[in-house]
Each structure stands twice: as C-alpha cells, then as structure tokens.
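**Student:** the following comprises the amino acid sequence and a computationally predicted model.
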Amino acid sequence: NDPCHSHVHSHSHNSASSSHPGIGTFVYRARRPFHPGRLVAFLRQLPVARGLPEDENDVSNDNSNLSTITTSPEAKATLQSTLRSKGFCWCADSHTSAMYWSQAGSSFELSCLGQWWATLPREQWPEGVEEYVLQDFDDCNHVDDDGSNKIETVGDRRQEVVFIGPQFDSNERQVHIQEALDQCLLTPNEYQEYQSIQTNERELQIRFSNSMESKYVNF
C-alpha cells in the first residue's frame, strides 16, 4: 500500500473559537523540523502524564542545554492548561516520515502516517489528488532532489498543530505557545546540518536522536 494514502488533510484546523464559552483555539505553523529533544522538553510542559519517555531515556547526541527550552511562569501556566492538541509535525530524525501529534488531557501519542507527499514523484500520485495535495505545499513547483542541489522549499513537510484551551484565542496565550514551540525548531546551524544529511535517514536518526515512541497508522 502507498503510505501516502494514509494522509489526512489538515485544513479543517482553524483559529476560530470553540463553541464552548471561554475555550479558544490556536494553530501553530512552521516549515522547519522540530529538534526531538527540545520537542520532548515542550511536551513535558503540557499536562501530559502518559506517552512521553522516562527522563533517563530522554537522550540526545546534543549537549543537554541544546535540548531544553525556556518559558516564563505565565507561559508554563498556558501550556499546562492545554485541553487538546493535534496535527501534523515534522521531526528532524526523518526527512520522509509524516508524523501526527495527538494530545488529549494527560495522554500524548505520536503516530507515523506514512511519507510526506513530496517524497513521491508526481507520476506516482493517485489520479485526481494533485490540486488537493498541493494546498499543503509551500511551493507548488517543489520537487525533492537527491541532496546535490540546494532547494529551499520543503513541499508538504510542516508543523501544523491546533491547540485548544481556555482563552487560547487571546494574543497573549497564542504568543506563549508560539514562542515556546519556536524554540523547538532547528536553529539555522542545525538546519544547515540537517540539509547536508537529509537524504540519509540513518544519519538523521543518529544526529537528531528521538526518544519518543511512535506507531505506524494505516487507514
């Protein structure tokens, strides 16, 4: 089976407030991969008790200070109040795997939905999906290459995660989430290193080791 067939279109995410009084939503978007260690540090600030690695297993090839994030007490309170978060995410340990993040209350799960559409030549796409799929591309002319050319576009690889919680439609709380997650993205130097080895999945897994367990979902 073509793993891309398991992809779920994500444009149902929006920043409109929930129908519940006082509950709002915020959609975080970015076009750079998350550093797995810093992403775990972020997830530990959500009200998650299940689905994250034990502290002693949370290892990385980076120095420990490169796998931490800094948040204010106010931002910590915002993150702790998250009721639900879900959506697509791109982790630096893989250039091919399309990951899905799902947090509900105290539970977190990371799933692999298959490959990003950009990894497949377009002649291999099912008939009739091109217009639909290209809505998620940063450039409709993007074509993955063998790493010999410097291509700045990334296709449909992305962070697109909706957060639901009290007053999450307020600018202050959205800034708390935005700034915390921005720290999880690869730095310019890290991203340059990522690009230099992006065609070698094994090297990515070694350089950006990921202590989070994930399951493969086949719809």
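**Tutor:** Perfect, thanks for sending it. Residues are numbered from 1 along each chain as shown.

**Student:** list the buried residues for the least confident helix or strand in the chain by mean pLDDT?
**Tutor:** Across the helices and strands of the chain, mean pLDDT, DSSP states H and E gives its lowest value to strand 214-216, namely a mean of 87. The neighbour-count check on strand 214-216 (16 or more other C-beta atoms under 10 Å) flags residue 214 as buried. In this view, the C-beta of every residue, glycine as well, is placed from N, C-alpha and C.

**Student:** low pLDDT regions in the chain?
**Tutor:** 1-19, 56-65, 146-149, 219 (pLDDT under 70).

**Student:** for it, which helix is longest?
**Tutor:** As assigned by DSSP state H, the longest helix anywhere in the chain is helix 171-182.

**Student:** and for it, what's in contact with it?
**Tutor:** 24, 26, 28, 30, 42, 45, 69, 71-72, 74-75, 78-79, 159, 161, 163, 165, 167-168 (C-beta atoms under 8 Å, 6 or more residues apart in numbering).

**Student:** please repeat the previous calculation with a cut-off of 7 Å.
**Tutor:** With contact meaning C-beta atoms under 7 Å, 6 or more residues apart in numbering, helix 171-182 is reached by 26, 28, 42, 69, 71, 74, 75, 78, 79, 163, 167, 168.

**Student:** would you map the helices across this structure?
**Tutor:** Along the chain, the segments classed as helices by DSSP H run 36-43, 73-80, 130-134, 171-182, 188-197, 201-207.

**Student:** so which residue is smack in the middle of this structure?
**Tutor:** Closest to where the C-alpha atoms of the chain average out (C-alpha atoms, centre = their mean) is residue 89, at 2.0 Å.

**Student:** so what's that residue up against?
**Tutor:** Contact analysis of residue 89 by C-beta under 7 Å, 6+ apart lists 34, 99, 101, 159, 161.

**Student:** spatially nearest residue to residue 79 (excluding sequence neighbours)?
**Tutor:** residue 45 (4.3 Å; C-beta to C-beta, 6 or more residues apart in numbering).

**Student:** so residue 26 sits against residue 167, correct?
**Tutor:** No: the pair residue 26 / residue 167 is not scored as a contact, 10.1 Å apart, by C-beta atoms under 7 Å.

**Student:** which one's more surrounded, those two?
**Tutor:** Under the criterion of other C-beta atoms under 10 Å, the comparison of residue 26 against residue 167 puts residue 26 first, with 24 against 14.

**Student:** kind regards, and thank you for your time.
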